[in-house]
Each structure stands twice: as structure tokens, then as C-alpha cells.
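S.K.: Have a look; sequence and predicted model below, questions after that.
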Amino acid sequence: MTVIKDAAGRYFASFVVETTSEPLPETAAEVGIDLGLMHFAVLSDGRTIGNPRFLRRAAKKLRKAHKALSRTAKGSANRKKAVVKVARAHARVADARRDHHHKPSTAIIRDDQAVYVEDLAVNGLARTRLAKSVHDAGWSAFVGMLEYKAARYGRTFAKIDRWFPSSKLCSACGAVAASMPLSVRSWTCPCGAAYDRDVNAAINILAAGRADRRNACGDPVRPPLAVARVDEAGSHRGAA
């Protein structure tokens, strides 16, 4: 066993134990998950997980702690205390985010036999103007929890190709919109189907995951995505 002290002055005991899988009773439910920033996650069955934005909520306290640190002299006792205060403030944010990830990931694995998520390019998004929000959401940690919990409890977990146009694809007729800006939160396909952007994406992720799972040989089983083109992305929420 190794005892570790972190920057916030907290002690942790680190040790390794051998465990066995603990399969849960099988269930017929399967779910696709669309991760986002307005909602942390939207599930294909309509469930939503809110995005608490822990880092933004704690921004004022963090800024105050960092300013207090900057006013201390290097090497002084006050600076050491200020460093610990800053570390504790960041640790509270990380702990709250981790707890937020654990609860819904456990519920999803408990309730669903198969879980499918989109393989997001988090590193790429972290270099955009959305970087702070992306880091605050912590998608990678959440997906990692789903993956290891699925393996432990006998569930199926899979990632869908990041280039799969889940948001632009009509889940009813298969038409693909020419474009789908982030500002478009709801849209209507020419076939007449109306969608919430995120729910539609989650439904498409579920369908793609099921198709790939049924394909034992590894060959594509989904129909070509460009079977139809939609000239307009659709109507904004609340548009007349």
C-alpha cells in the first residue's frame, strides 16, 4: 500500500486488489448517448443529464484564491498556505465533477444492456473557443467510467465513428442535412419529421451502434448516408 498526499493536503491510500466481474441481470433496454454542452448528455429514450458547469460556478472563488496567492512573497509561509488554498479550491471542483459523472454512469449501466456513445475529438475541441466549456464538462472521464463499468457488470459498450453525422441525419428517412450549425437546436426534415437536435443525434447513435454490433464480419452494414440531401438545416426552435 502506498500513502499519497496531494497538493490540497489530503491523504490517500493506494493499493491494488484482484476482483472478478459482477454481471448484472440482463435487460432489453439499449441506449445511445449524445454528449454536449447545453445538456451534458441526452439519451435516445429522451432522458437528459444537466451540465452543472462546476468550473464556471467556482470561477469567482478560484479567481480570488489565485489573486491572494499572487500577492504573497515567494518562499514565505503565507505563500505555502495560499498554494494549499488554491489546490483545495480546484480539488473541490474536480471532486464535484467526478461525483456528477459517477452517479449517471452507474444508473445508465444498471438500466441498459448496451450503451453507445460518439467518439468525440476532445483534443481538437479543446483548441477551439469552446475549450473551457469542454474541459469543464469532462466528457472523456465520463465515457471512461461507462466503459469500465460496462466491462465489470457484463454490459455492451461501443463508440461510434466520430465522423458519423448523427446530428445532421434524419432518423426517420435517412436524409442528411447539408449543414447543421450549433445554433440550430430543433429542425424539421422535408419528410415531415420534427426533431430536437440532441435527441435525434442520440437516436442515430443508438441505431449505428446496433448496426455495427450485428455486423459480425466487420463490413459496413449501414446504408450510405448520402441517400438524400437536405438543402436547408431546418427551422430554429420557436420559429414561426
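M.R.: That came through, no problem. Residues are numbered from 1 along each chain as shown.

S.K.: check contacts around the spatially most central residue of the chain.
M.R.: Nearest residue to the geometric centre of the chain (C-alpha atoms, centre = their mean): Trp139, 3.5 Å. With contact set as C-beta atoms under 8 Å, 6 or more residues apart in numbering, Trp139 has these partners: Leu35, Leu120, Val122. The way it works is simple: take the backbone N, C-alpha and C, and place the C-beta from them, glycine included.

S.K.: looking at it, the last one is touching Val134, isn't it?
M.R.: Yes: the pair Val122 and Val134 qualifies as a contact (C-beta atoms under 8 Å) at a distance of 6.5 Å.

S.K.: For these two, work out which one has more neighbours and name it.
M.R.: Each of Val122 and Val134 has its neighbours counted (other C-beta atoms under 10 Å); Val134 has more, 19 against 16.

S.K.: Was I right to think the more buried one contacts Leu125?
M.R.: Yes: look at Val134 against Leu125 with C-beta under 8 Å: they come within range, at 4.7 Å.

S.K.: Just the helices from this protein, written as ranges.
M.R.: 54-57, 59-70, 77-111, 122-125, 131-137, 139-152, 197-214 (DSSP state H).

S.K.: looking at those, which has the lowest confidence?
M.R.: Of all the helices of the chain, the minimum mean pLDDT falls on helix 122-125 (a mean of 81).

S.K.: What about Pro52, how many residues nearby?
M.R.: With other C-beta under 10 Å as criterion, Pro52 counts 14.

S.K.: What degree of burial does the nearest residue to it once chain neighbours are set aside show, as a neighbour count?
M.R.: Sequence neighbours aside, His100 is the residue nearest to Pro52 in space, at 6.0 Å (criterion: C-beta to C-beta, 6 or more residues apart in numbering). Using other C-beta under 10 Å, His100 has 19 other residues around it.

S.K.: For His100, give its distance to Val16.
M.R.: 27 Å (C-beta to C-beta, to the nearest Å).

S.K.: give me every residue that touches the residue of the chain most remote from its centre.
M.R.: Distance to the chain centre peaks in the chain at Ser76, reaching 41.6 Å (criterion: C-alpha atoms, centre = their mean). Residues counted as contacts of Ser76 (C-beta under 8 Å, 6+ apart): none.

S.K.: quick one: pLDDT of it?
M.R.: Reported pLDDT for Ser76: 95.

S.K.: repeat for Pro25
M.R.: pLDDT, Pro25: 95.

S.K.: ok, Phe164 touching Tyr116?
M.R.: No: with contact defined as C-beta under 8 Å, Phe164 does not reach Tyr116; the gap is 10.6 Å.

S.K.: Between the two, which has more neighbouring residues?
M.R.: Between Phe164 and Tyr116, counting by other C-beta under 10 Å, Tyr116 is the more crowded of the two (26 against 19).

S.K.: tell me the contacts of the more buried one?
M.R.: Contacts of Tyr116 by C-beta under 8 Å, 6+ apart are 30-33, 157-160, 205-206, 208-210.
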